[in-house]
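# Predicted model follows, preceded by the sequence.
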Amino acid sequence: MSNRIKNHPILGNLNDEYCTFFFDEKQVKARFGETIAAALLANNTRILRYHEASGSPRGIYCNIGHCFECRVNVNGQNGVRACMTVVKEGMDVHSQHSLPQPFQKGVWEENETK
């Protein structure tokens, strides 16, 4: 059973053309024009990254680009918002596990005192 809406009451019949991309080395099917977040949700993927300090799982929260909870690594670039980024054929997406060193708790203050 598909988790995608095929006919929307306002948008009508939705695009039924697909491409593939990779999320953490697994092939994922996505509609053309769909965001990474929407494609992952449709494929039952809820965890997009892990909290930098606690390691707790994070997923989509606001889905409009405000909260940054859906940050992923796309083709080697960290901090890309999955809810705002449209899937492209062959895209290489990875869950994000940590922020760069200066932003981790305690490291910023330590670096500033040197």
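Everything's here; your move. Numbers count the residues shown, from 1 in each chain.
# So which residues lie in contact with stretch 54-64, not counting its own?
37, 41, 46-51, 67, 69-70, 82-83 (C-beta atoms under 8 Å, 6 or more residues apart in numbering). Quick note: C-beta positions are derived from backbone N, CA and C, even for glycine.
# mind listing what's buried in it?
58-60, 63 (16 or more other C-beta atoms under 10 Å).
# Please narrow these to those residing in strands.
residue 58 (DSSP state E).
# can the buried residues of stretch 54-64 go into a markdown table with extra columns for pLDDT and distance to residue 15?
Formatted as a markdown table, these follow (pLDDT from 0 to 100; distance: C-beta to C-beta, whole Å):
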| residue | pLDDT | distance to residue 15 |
| --- | --- | --- |
| 58 | 91 | 28 |
| 59 | 90 | 24 |
| 60 | 90 | 21 |
| 63 | 88 | 19 |
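# biggest separation within the buried residues of stretch 54-64, which pair?
58 and 63 (13.0 Å; C-beta to C-beta).
# Need phi/psi at the most centrally placed residue in the chain.
Geometric centre of the chain, nearest residue: residue 82, 3.2 Å, by C-alpha atoms, centre = their mean. Per-residue torsions, residue 82: phi -70, psi -30 (degrees, to the nearest 10).
# let's number from 585 now, not from 1
With 585 as the first residue, the last one maps to residue 666.
# For residue 658, see how far away the closest residue in space to residue 649 that isn't next to it in sequence is.
Of all residues not flanking residue 649 in the chain, residue 668 sits nearest, at 4.6 Å (C-beta to C-beta, 6 or more residues apart in numbering). From residue 668 across to residue 658, the span is 11 Å (C-beta to C-beta, to the nearest Å).
# Having no further points to raise, I will conclude here.
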